[in-house]
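Peer 1: Kindly return the folded structure for what I paste below:
(one chain, ligands or ions: 1)
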Amino acid sequence: MKISESKEWKQLTSHLLEDIQGIKVGELNDLKSRFEDFSYEFDDLLIDFSKQKVTSKTRELLLSLAEAANLKSSIAALSEGKPINTTENRPALHTACRLPASVELVVDQIDINLAVQEEISKIDKMVEKLSNGHWRGYSGKPIRDIVNLGVGGSDLGPLLVCEALDEFKVDYPNNIRVHFASTMDGSQISDIFNTLNPETTVFVLVSKSFSTIDTLSNAASAKAWLMSNCPNEALVDKQHFIGVSVSAEKMGEWGIHPDNQLRLWDWVGGRYSLWSSVGLTIAIKLGMENFKLLLSGAHSIDKHFFETELSQNLPVLMGLIGVWNSNFLGVPAQAILPYDARLKYLPNYLMQLEMESNGKSVTQGGESIDYDSCPVLWGEVGPNAQHAFYQMMHQGTRKVTSDFIAPIRRFSKEDSEHGKSLQEQHLLTLANCFAQSRALMTGGSLDELASNSSEKKQFPNPHKFYPGDQTSTTILIPELNPYTLGQLIALYEHKVFVMATIWGINPFDQWGVELGKIMANETLSELKNAASTEKFDNGTNTLINLVKEGIGKNGKGSNS
Ligand SMILES: O=P(O)(O)OC[C@H]1O[C@](O)(CO)[C@@H](O)[C@@H]1O
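Peer 2: Next up is the predicted model:
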């Protein structure tokens, strides 16, 4: 039975019609105990749902929906390593990558934490060798630059963490820096060639499948760059390339030396993989101690998710409210708004996490669903987004729900003038964060605000009117550090799982990306073929033929 046919789904629909429709979220927030009733804490992390359009009854009914969808047993199946990724017949065990070393996790009679810990010690050794200057390039100089070549989950997680925690980087004597290149168009990798020294650069080829053309094409250019400086391929491979993949065979065929291969398992999904050897660049930049703190922050959320009753379980509540917004309130979009520029890659990271996981329209059993799944997610650092797309959120026609994310503490109180000024800036940022979620909720009229009058004008200027009634969740972390960032990311991972479970879909496969890859290969052979093509639709054929004819080559828009 589809979840939309359940009694609990129907009760939510009736509740919407009878109790919620016509109510504005701002009215709910007038209740004195609103924050107390709808905010939750775990460790020092606080989630405030008071600006979501939910009442105690909504919460109760959503929890019943979770029971109806067997959420508890799905959470247990996830934690125990049952093959819940049914289309690929394997477990989803990213949580195993952040288990404390002493804990056993036996799946199919094997303690998989042994394999995880083995990989962590390999990472440790590599970090040590790089940091003490013993890893040397082809000319004998110590390595200074590490370039992560990967895309999607093999790029976004390490990129997010390395950028967010830059202040925690290790001050290596040889001043090691990490860089990222993901796009197949060559722009990023050519910047790397223009700025780094081949003698002292190591590339980490991160690809779970080791067959992603984006990464392999960047890797081929990297090898060509190195070999134009040192034609000894074996030496270049040994001193300048590390591989991270499920397939030792493919890494070997490419030329990755066995000592430089880090292992991944098919039970770690790409977008859930920053905790594994995919996080090598994180460990290099932040050091092993901070890498382990990141893992333990995530583990603390795993324990909370696996062990806490549904009604007090943060990812469960986040997921259920997500379902309520998508399926009952009909909110099609979700904005991710970190009020801290260090989290600038969080929106991109969550776009992949949520939309690649839950952008599906069939159940685990292959049946079409008759309700919406993943909303459209997008975002930007909040203060910048205020000057970009908030206009649409305040006065546009679309419903949007937002996550406002901020650290409570930022700059330590220094006596210097600039220290005090930075403190002020942090307060200014928090003020904007809280004010924007309030403004989105209450709406209002600029004229009234300007006249400081509570009297409602009969005909407010429509251009200066804000309808309000946009919902949001506020997530506060005490401060941004490896532990709290680990918590934040794991929170979202589990929220995605909760939503998938309610919708009955598999969040761990991504068949939707395959068709485009096949078509790109066909298109490439047509582009390379000198004769004009008639193989595809008219529009596509024309684009391909225009490129072949070199159209626009001599026009004003060309400088080649
Ligand atoms: O790590 P790989 O196998 O190179 O894949 C990279 C990314 O490509 C995808 O498979 C989508 O094409 C993502 O799921 C994945 O994170």
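Peer 1: hey, let's count contacts and neighbours off CA atoms from now on
Peer 2: Noted.
Peer 1: For the ligand, what's its nearest residue on the stretch 251-400 of the chain.
Peer 2: In the stretch 251-400 of the chain, the residue that lies nearest the ligand is Gly270 (4.0 Å; Cα to the nearest ligand atom).
Peer 1: How far off centre is stretch 210-220?
Peer 2: Centroid displacement of stretch 210-220 relative to its chain, using Cα atoms, centre = their mean, to the nearest Å, is 22 Å.
Peer 1: is it true that Pro383 touches Leu430?
Peer 2: No. Pro383 is beyond contact range of Leu430, at 9.9 Å (criterion: Cα atoms under 8 Å).
Peer 1: where do the contact lists of the two overlap?
Peer 2: Taking Cα atoms under 8 Å, 6 or more residues apart in numbering as the criterion, Pro383 and Leu430 both touch Tyr339.
Peer 1: Mind checking what secondary structure Ile242 has?
Peer 2: strand (DSSP: H, G, I helix; E, B strand; the rest coil).
Peer 1: That one: neighbour count?
Peer 2: 25 (other Cα atoms under 10 Å).
Peer 1: From Leu262, how far out is it?
Peer 2: 8 Å (Cα to Cα, to the nearest Å).
Peer 1: need the residues of this structure near the ligand, please.
Peer 2: 151-154, 207-210, 212, 270-271, 513 (Cα under 6 Å from any ligand atom).
Peer 1: before we move on, the earlier item: how much space is there between the closest residue in space to the residue of the stretch 251-400 of the chain closest to the ligand that isn't next to it in sequence and Lys548?
Peer 2: Excluding its sequence neighbours, the residue lying closest to Gly270 (Cα to Cα, 6 or more residues apart in numbering) is Gly153, at 4.5 Å. Look at Gly153 and Lys548: by Cα to Cα, they are 34 Å apart.
Peer 1: same thing with Lys399?
Peer 2: In terms of Cα to Cα, Lys399 sits 44 Å off from Lys548.
Peer 1: what's the answer for Ala388, then?
Peer 2: Counting by Cα to Cα, the gap from Ala388 to Lys548 is 38 Å.
Peer 1: Which one's more surrounded, these two?
Peer 2: The neighbour comparison of Ala388 against Lys548 (other Cα under 10 Å) goes to Lys548, with 17 against 11.
Peer 1: For the closest residue to Pro91 other than its chain neighbours, list the residues it contacts.
Peer 2: For Pro91, ignoring the flanking residues on the chain, the nearest one in space by Cα to Cα, 6+ apart is Pro83 at 3.9 Å. Each residue near Pro83 by Cα under 8 Å, 6+ apart is listed here: 77, 89-92.
Peer 1: If we use 6 Å, what do you get?
Peer 2: Pro83 is in contact with 89-91, counting by Cα atoms under 6 Å, 6 or more residues apart in numbering.
Peer 1: Who wins on neighbours among those residues?
Peer 2: Highest count within those by other Cα under 10 Å belongs to Pro91, 22 neighbours.
Peer 1: So that one sits against Trp267, correct?
Peer 2: Yes. In this structure, Pro91 is within contact of Trp267 by Cα atoms under 6 Å, at 5.5 Å.
Peer 1: Ignoring the adjacent residues along the chain, who's closest to Met392?
Peer 2: That would be Arg398: by Cα to Cα, 6+ apart, it lies 7.8 Å from Met392.
Peer 1: Which helix or strand contains the residue nearest to the spatial centre of the chain?
Peer 2: Computing the C-alpha centroid of the chain and ranking residues by Cα atoms, centre = their mean puts Tyr349 first, at 2.3 Å. In the assignment (DSSP states H and E), Tyr349 maps to helix 346-350.
Peer 1: ok, residues contacting that helix?
Peer 2: Under Cα under 6 Å, 6+ apart, the answer for helix 346-350 is 156, 336, 379.
Peer 1: pLDDT (mean, whole number) over it?
Peer 2: On average, the pLDDT along helix 346-350 is 98.
Peer 1: Output that helix as CSV - backbone C-alpha positions only.
Peer 2: C-alpha atoms of helix 346-350 as CSV (Å, rounded to 0.1, in the frame of the first residue of the first chain):
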residue,chain,number,x,y,z
LEU,A,346,26.8,23.8,2.3
PRO,A,347,24.0,24.7,-0.1
ASN,A,348,25.8,22.9,-3.0
TYR,A,349,26.6,19.9,-0.8
LEU,A,350,22.9,19.6,0.4
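Peer 1: Show the subsequent helix or strand relative to that helix.
Peer 2: For helix 346-350, the following helix or strand on the C-terminal side (DSSP H and E) is helix 357-358.
Peer 1: what are the pairing partners of the helix or strand following that following helix, and which direction each?
Peer 2: Downstream of helix 357-358, the next assigned helix or strand under DSSP H and E is strand 376-379. Neighbouring strands of strand 376-379 in its sheet, by DSSP bridges, are strand 333-338 (parallel).
Peer 1: Just give me how far the strand it pairs with sits from the chain centre.
Peer 2: With Cα atoms, centre = their mean, you get 12 Å for strand 333-338.
Peer 1: Send me that strand as PDB with only the CA atoms.
Peer 2: In PDB, the C-alpha atoms belonging to strand 333-338 read as follows (Å, rounded to 0.1, in the frame of the first residue of the first chain):
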ATOM      1  CA  ALA A 333      11.200  24.700  -2.700                       C
ATOM      2  CA  GLN A 334      13.600  24.700   0.200                       C
ATOM      3  CA  ALA A 335      16.300  27.300   0.700                       C
ATOM      4  CA  ILE A 336      19.500  26.600   2.600                       C
ATOM      5  CA  LEU A 337      20.800  29.800   4.200                       C
ATOM      6  CA  PRO A 338      23.900  29.600   6.300                       C
END
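Peer 1: which intervals of the stretch 351-500 of the chain have sub-threshold pLDDT?
Peer 2: 413, 452-459 (pLDDT under 70).
Peer 1: nearest to Asp370, of the contacts of helix 346-350?
Peer 2: Ile336 (26.5 Å; Cα to Cα).
Peer 1: which one is the closest one nearest to, not counting chain neighbours?
Peer 2: Closest to Ile336 by Cα to Cα, 6+ apart is Gly379, at 4.5 Å.
Peer 1: okay, the residue in the stretch 51-200 of the chain that the ligand sits nearest to: pLDDT?
Peer 2: Nearest residue of the stretch 51-200 of the chain to the ligand: Gly153, at 3.4 Å (Cα to the nearest ligand atom). pLDDT for Gly153: 98.
Peer 1: Start the count at 781 instead of 1 going forward.
Peer 2: Renumbered: residue one is now 781, and that last one reads Gly933.
Peer 1: correct me, but it touches Gly1049?
Peer 2: No. Counting by Cα under 6 Å, Gly933 does not reach Gly1049; the two are 8.1 Å apart.
Peer 1: What's the end-to-end length of stretch 1102-1110?
Peer 2: 11 Å.
Peer 1: Can you name the residues in contact with that stretch?
Peer 2: With Cα under 6 Å, 6+ apart, stretch 1102-1110 has contacts from 1111, 1152.
Peer 1: Okay, angle between the longest strand along the chain and strand 1113-1118 too, please.
Peer 2: Across the chain, the longest stretch assigned as strand under DSSP state E is strand 1180-1187. Strand 1180-1187 and strand 1113-1118 are oriented at 10 degrees to each other (axes from the mean of the first three to the mean of the last three Cα atoms, to 10 degrees).
Peer 1: Given strand 1180-1187, what are its sheet partners and their directions?
Peer 2: Sheet pairing for strand 1180-1187, using DSSP bridges, gives strand 1113-1118 (parallel), strand 1252-1257 (parallel).
Peer 1: which residues are contacting the next helix or strand along the chain from the last one?
Peer 2: I take that to be strand 1252-1257. For strand 1252-1257, the following helix or strand on the C-terminal side (DSSP H and E) is helix 1262-1283. Residues from elsewhere that reach helix 1262-1283, judged by Cα under 6 Å, 6+ apart: 849, 1070, 1073-1074, 1077-1078, 1081, 1095-1096, 1098-1099, 1287.
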